[in-house]
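Engineer: Just to be clear, the model below is a prediction. Sequence and coordinates:
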Amino acid sequence: MKIWFDLSNSPHINMFGPMIRELEREHDIIITCRPLANTIALLDLHQFDYTVVGHHYGARLSNKIMGFAVRVWQLQRFLARQKIDVAISQSSFHSPVVSRLLGVRCIYLNDNEHAMGNIPAFLCANQIMVPEFLSGQRLRRQGARPGKLHHFPGIKEGIYLWHLGIQLANGLATRPSNIRASIYIRPEPWSAQYYKGSRNFLDQLVLDLKNHAAITLLPRGDAQLAHYRDPKFDGIRIIDKALDIAEIAPDCDLFIGAGGTMTREMAVLGIPTISVYQDDLLAVDRYLLSQQAMIHCPALSAPQALAYLEQTARGAPNDELLRKGRQAYQMIKDTILAPPPAID
């Protein structure tokens, strides 16, 4: 079987990496990507073979619409001679449209009910897979027909974190008290269509924290990296390459996230986590808040962050979400390898 993965954003490498490694033992795998955030750096870090198709067109809606059509055309041209059997992606709005044009079965995963790109993706995908707690009513308004819609256990982060569970659990022991506390900060997603919140709102928090803890900033792409290279941020560790979860988690005493995936990853792994996301929370984030896996404080101050760090110790990874993640992993793999349903 020839299987196409469109990894259009950096979280997708961790999400599908273990599955790709397993499937490529018996099947042909084609990976496409685009240069967004740390996507290409992570693909190189994990030594995947891939083809860059298109690029990201920024935050403006008009550019996104134009860029969407261009990349669909580019992908269709690239894949036309590949004779793929099935396509799978997470939040790649291009993949279902290209698959429909090619007459290929498409599995589309998404956990962001606010993304407008779901509309063409839901209409064109053959099978839609979403987390168990995501309401079908809103998804149906975006074109997700009940016959296509399937719920997988837990959250998408569990699909790959279960694979690392034992390794990371062994590395998450309590750090010696004489070591300076380590805080990792992930800024907001500047270029995401769904994000309508503030930009650079973390700057003062970062500056206020740097004399009290070891601060590591994880910028999203070159533009954010340039912003945090300003001399006023001297004394802060700015990461200019891709870091794997297994490198971040053992060193992190507190994670502050203005986005989604990495914030949820740290919460699932039992690391004290504060979401400072400035926009409407997704259902998946509300679910983790209800499980007390993290807190949400969009106007976080340095004293609040330090108080939370003082009061909250690192815990064990969330066994229930990792167990559900393993079930979801098997469910998705079985769906990829299942005989194709009729294309409607």
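Structural biologist: Great, that's in hand.
Engineer: In stretch 18-38, which residues are buried?
Structural biologist: By 16 or more other Cβ atoms under 10 Å, the buried positions in stretch 18-38 come out as 18-20, 23, 29-34, 36-38. For the C-beta atoms, the positions are set from N, CA and C on the backbone; glycine is no exception.
Engineer: Strands - which of these land there?
Structural biologist: With DSSP state E as the criterion, strands contain 29, 30, 31, 32, 33 from among the buried residues of stretch 18-38.
Engineer: List the residues that contact the residue lying closest to the last one once chain neighbours are set aside.
Structural biologist: For residue 33, the nearest residue in space outside its immediate sequence neighbours is residue 7; the separation is 4.8 Å by Cβ to Cβ, 6 or more residues apart in numbering. Residues touching residue 7, when contacts are defined by Cβ atoms under 8 Å, 6 or more residues apart in numbering, comprise 13, 16, 31, 32, 33, 39, 43, 50, 89, 92.
Engineer: Please verify my assumption that the first one contacts residue 44.
Structural biologist: No. Look at residue 13 against residue 44 with Cβ atoms under 8 Å: they stay out of range, at 9.9 Å.
Engineer: more crowded one of these two?
Structural biologist: Comparing residue 13 with residue 44 by neighbour count (other Cβ atoms under 10 Å), the higher total belongs to residue 13, at 27 against 14.
Engineer: unless I'm mixing things up, residue 305 is touching residue 253, no?
Structural biologist: No. With contact taken as Cβ under 8 Å, residue 305 and residue 253 are classed as non-touching, separated by 11.0 Å.
Engineer: neighbour-wise, which of the two wins?
Structural biologist: Legend: neighbour count by other Cβ under 10 Å for residue 305 and residue 253, higher for residue 305 (23 against 20).
Engineer: just to revisit the earlier point, could I get the phi/psi values of the residue nearest to residue 33?
Structural biologist: phi -100, psi 90 (degrees, to the nearest 10).
Engineer: which residue ranges form the helices in this structure?
Structural biologist: 11-23, 39-45, 61-79, 94-102, 118-124, 136-141, 158-171, 203-209, 221-228, 245-248, 261-268, 283-290, 302-311, 319-337 (DSSP state H).
Engineer: quick one, which of these is nearest to residue 215?
Structural biologist: Nearest to residue 215 among those is helix 203-209 (5.6 Å), distances taken as Cβ to Cβ.
Engineer: In terms of secondary structure, what does that closest one contact?
Structural biologist: Applying 3 or more Cβ pairs under 8 Å, 6 or more residues apart in numbering; DSSP states H and E, we find helix 203-209 packed against strand 182-186, strand 214-217, helix 302-311.
Engineer: Please identify the buried residues of that helix?
Structural biologist: Buried residues in helix 203-209, counting neighbours by 16+ other Cβ under 10 Å, are found at 205, 206, 209.
Engineer: can you list the residues that contact it?
Structural biologist: Taking Cβ under 8 Å, 6+ apart as the rule, helix 203-209 contacts 183, 185, 215, 217, 232-233, 236, 256, 276, 300-302, 305-306.
Engineer: Could you single out the nearest of these to residue 105?
Structural biologist: For these, the nearest to residue 105 is residue 276 (39.6 Å; Cβ to Cβ).
Engineer: Contact partners for that closest one?
Structural biologist: Neighbour list for residue 276: 201, 202, 205, 256, 257, 258, 296, 297, 298, 299, 300 [criterion: Cβ under 8 Å, 6+ apart].
Engineer: Kindly recompute the last result at 7 Å.
Structural biologist: Residue 276 makes contact with 202, 256, 257, 258, 297, 298, 300, according to Cβ atoms under 7 Å, 6 or more residues apart in numbering.
Engineer: of those, buried ones?
Structural biologist: 202, 256, 257, 258, 300.
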